[in-house]
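[1] Quick one, structure for this:
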Amino acid sequence: MPTFDQIVIAWQKQAGRHDLPWQNTRDPYSIWVSEVMLQQTQVASVIPYFERFMARFPNIKALAQASEEDVLTLWSGLGYYARGRNLQRAAQQIMAQHGGIFPRHFNHILELPGVGRSTSGAIAVFAWGEAHPILDGNVKRVLARVFALPGYPGTPIVAALFWERANQLLPNRDLEAYTQGLMDIGATVCTQRNPKCEVCPLKLACEAHTLQAINKYPESKPRSGVRPQKEFQMLLVFNGRSLLLERRPAKGIWAGLWCFPEAETHEDPVTVLKMRWGVQTQLVDILPVVRHALTHRQLIMTPCRLTAIGRALPAGLLWMDVEDIAGAAVPVPVRKIIKLLG
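    Residues are numbered from 1 along each chain as shown. As a prediction, the model looks like this:
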């Protein structure tokens, strides 16, 4: 019977993905950008963002010298915005510490902001063919099911066992095909829900399949209660076809992005805008509630439509045409609210 790595490699060469925009290259920069974008985001969503990002920032120098707002504008809608900020910080670090050349050593890659062990390993594999294991969410799921690995892999002890197994399985040939194959099987066959066990190349070797316990692996994070909710008002201040936007602080949710001013649910929007920003307004109406799920909290937003009296603004605020907002550095909830306006 073929070994685990032989099965994965053979399947990838025959049925895996070969034409993604970041494949068929040894360029560490494009591989790095793709790997960061793929963190917690599906391939189909990443492709258009990757193509636009690479067209605008074709190399490390271009990314390092760009404004943060330009970077976040191209990242807007992809979520987990710290990834975009870390990409630029890392590009600036490469310029300062490595002369603009992407670091070759695994540990130096690991020192870059936003790069963990799995991302560093993937870059080393695809750019230079080095033998390093990866352990993203898809690979964890494949290993957990095939070898019936117990425990929640988000805990340090269990994660260490997963890394040990991943390292033991590394082949001494075709590392790129093996690594890509593991990711492809997890993404397209051994999916979290409704896995396609009938066509999985690892079916005969899969302990979870033999035990008829696919849904038990990997073990889920222990529940700590209901996801907390945050309720607040989003203040849509109009001046003709322009809307008022506020630049979010450098830290916290949606850091550095442009967003509508906010108010607590019990506060009067007109008073908040006048006292906090010195903006005179009149309340027009209240729009339907918008819900948006973050990783650790549920946002419940009530959009309030107001009309501004005058256009003078303090620092940190700007007017932007409604038609331009979707293409700006704004978070997904702002896009959702804009759609409500029609």
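[2] Wait, Y49 touches W75, no?
    Yes: contact criterion Cβ atoms under 8 Å: Y49 and W75 qualify, at 7.2 Å. No exception for glycine: its C-beta is placed from N, CA and C like everyone else's.
[3] Mind checking which of the two has more residues around it?
    W75 (23 against 19; other Cβ atoms under 10 Å).
[4] mind listing what that one touches?
    Counting by Cβ atoms under 8 Å, 6 or more residues apart in numbering, W75 makes contact with Y49, F53, Y81, R83, G84, A329.
[5] and if we set it to 7 Å?
    Neighbour list for W75: Y81, G84 [criterion: Cβ atoms under 7 Å, 6 or more residues apart in numbering].
[6] Can you check what pLDDT the model gives it?
    W75 carries a pLDDT value of 92.
[7] for the one 5 residues further on, same thing?
    Per-residue confidence (pLDDT) for Y80: 85.
[8] so it touches Q40, yeah?
    Yes: at 5.9 Å, Y80 counts as touching Q40 under the criterion of Cβ atoms under 7 Å.
[9] between these two, who's got more neighbours?
    Higher neighbour count among Y80 and Q40: Y80, with 16 against 12, using other Cβ under 10 Å.
[10] Make sure I have this right: that one is in a helix.
    No: Y80 sits outside any helix when classified using DSSP: H, G, I helix; E, B strand; the rest coil, being coil.
[11] Would you check how far apart it and P228 are?
    For Y80, the distance to P228 (Cβ to Cβ, to the nearest Å) stands at 19 Å.
[12] Tell me how many other residues surround E176.
    E176: 16 neighbours (other Cβ under 10 Å).
[13] so which helix or strand takes in it?
    helix 175-188 (DSSP states H and E).
[14] So which bits of that helix are buried?
    Within helix 175-188, the residues scored as buried using 16 or more other Cβ atoms under 10 Å are 175-187.
[15] what's in contact with that helix?
    5, 8-9, 11-13, 16-17, 43, 122, 125-126, 129, 131, 134, 136, 138-139, 141-142, 171, 202.
[16] Contacts only, for the closest residue to M95 other than its chain neighbours.
    In space, M95 comes closest to A64 once its chain neighbours are excluded; the distance is 4.7 Å by Cβ to Cβ, 6 or more residues apart in numbering. Counting by Cβ under 7 Å, 6+ apart, A64 makes contact with Q88, A91, Q92, M95.
[17] Same question for F260.
    F260 touches M234, L235, L236, L245, V334, counting by Cβ under 7 Å, 6+ apart.
[18] in the stretch 101-250 of the chain, which spans are strands?
    Taking DSSP state E, counting those that start in this stretch, the strands of the stretch 101-250 of the chain run over residues 229-239, 242-247.
[19] distance between the longest one and the chain's centre?
    Which is strand 229-239. 25 Å (Cα atoms, centre = their mean, to the nearest Å).
[20] Which neighbours in the sheet does it have, and how are they oriented?
    strand 242-247 (antiparallel), strand 262-263 (antiparallel), strand 298-308 (parallel) (DSSP bridges).
[21] Which among these is found nearest to L317?
    strand 242-247 (5.6 Å; Cβ to Cβ).
[22] quick one: average pLDDT of that closest one?
    Strand 242-247 comes out at a mean pLDDT of 91.
[23] And the next helix or strand past it?
    That would be, after strand 242-247 and using DSSP H and E, strand 258-259.
[24] packing partners for that following strand?
    The criterion is 3 or more Cβ pairs under 7 Å, 6 or more residues apart in numbering; DSSP states H and E, and the helices and strands that strand 258-259 contacts are strand 242-247.
[25] Just the C-alpha atoms of the strand it packs on, please, in CSV.
    Output in CSV follows, covering the C-alpha atoms of strand 242-247 (Å, rounded to 0.1, in the frame of the first residue of the first chain):
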residue,chain,number,x,y,z
SER,A,242,-21.4,63.0,0.4
LEU,A,243,-21.2,61.1,3.7
LEU,A,244,-19.1,61.8,6.8
LEU,A,245,-16.3,59.4,7.6
GLU,A,246,-14.0,59.1,10.6
ARG,A,247,-10.5,57.6,10.5
